[in-house]
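Novice: prediction below, plus the sequence it came from.
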Amino acid sequence: MSKFSNILTMILVVLIVAILGVVGYFAYDTLNAKKIDNNAQSALDEFENATKVVKKKVNKNDQNEVSNETSSSLEDIANQLATDEENKRAEEEKNKEEKEPEVAYYEGYEIKGKIEIPATKVNYPVLESVTKKSLEIAVGIAYGPGLNEVGNTSIYGHNYRNGTFFSNNKKLKNGDEIKITDQKGEEVTYIIYKIYETDANDATYMTRDTQGRREISLQTCTDDSKARIIIWAAEKGSEVPQQ
């Protein structure tokens, strides 16, 4: 009887340890996901604030007024035309500067924009590069001309299998939307038209010819980390080849 009791006790101890281990794992996973979301939200806030900043407009009243008086000589007319042209160029330059947003940084990385995927409730900043540290904060640009530029821009994000970053990319399908906002505040909607798995060494999708279209590619690991899920998306309204 004593031997049977010892066996039951051992089984009970093992079960308790296993339960504590499972609870501990899920608690850690939840806290880690919360930390990731908090960091990403802080970076998003920095980006949102930067895109709203507009350089102080120059008071047009401070500009040199052009005389309405009729010039009395060809020299005066030439000087007046030169002054007008100089003022015009100066105003165009100031208007250009006013449209340029401040560049936001987070943890030393430039924030190039943000990505939203309504189908999976993704809303993250896009950092300038892909490194071990940057991928713990957000998703990053792996290759390409830049967000919302002509050509293919590849964006990489981790699959933590907890819903953060690109964990749910496997749930996306052709026709789903991906919205990219760049540093100028321009939002472009892209439509997914190709999804497939490939090995980790395949980078051919990065350098594909988009035939003058604006496109993006998303890359992440499969749940078992043995392959990569690749998603192609083209600007909404553009014609893409049949797959």
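Specialist: Done, it's in.
Novice: tell me the spacing between residue 143 and residue 217.
Specialist: Residue 143 sits 9 Å away from residue 217, going by Cβ to Cβ, to the nearest Å. Bear in mind the C-beta positions are built from the backbone N, C-alpha and C, glycine included.
Novice: so between the two, which is more surrounded?
Specialist: residue 217 (20 against 17; other Cβ atoms under 10 Å).
Novice: ok, now which ones touch the more buried one?
Specialist: Residues near residue 217 by Cβ atoms under 8 Å, 6 or more residues apart in numbering: 144, 152-155, 205-206, 230-233.
Novice: tell me the one of the residues you listed nearest residue 185?
Specialist: Taking Cβ to Cβ as the measure, residue 185 sits nearest to residue 153 out of the contacts of residue 217, at 17.3 Å.
Novice: what are the buried residues along stretch 165-172?
Specialist: 165-169, 172 (16 or more other Cβ atoms under 10 Å).
Novice: so which of the residues you listed is the closest to residue 193?
Specialist: residue 172 (11.4 Å).
Novice: roughly how far does that closest one sit from residue 111?
Specialist: From residue 172 to residue 111 the distance is 24 Å (Cβ to Cβ).
Novice: can you report how many residues lie near the closest residue to residue 186 other than its chain neighbours?
Specialist: Nearest non-adjacent residue to residue 186, counting by Cβ to Cβ, 6 or more residues apart in numbering: residue 148, 5.7 Å away. Using other Cβ under 10 Å, residue 148 has 20 other residues around it.
Novice: mind checking the SS state of residue 148?
Specialist: At residue 148, secondary structure determined by DSSP: H, G, I helix; E, B strand; the rest coil is coil.
Novice: quick check, it in contact with residue 182.
Specialist: Yes. Judged on Cβ atoms under 8 Å, residue 148 makes contact with residue 182 at a distance of 4.5 Å.
Novice: anything in contact with each of the two?
Specialist: Shared contacts of residue 148 and residue 182, defined by Cβ under 8 Å, 6+ apart, are found at 113, 188.
Novice: who touches the residue nearest to residue 186 in this structure?
Specialist: Applying Cβ under 8 Å, 6+ apart, the residues near residue 148 are 113, 180, 182, 186, 188, 214.
Novice: thanks a lot, see you next time.
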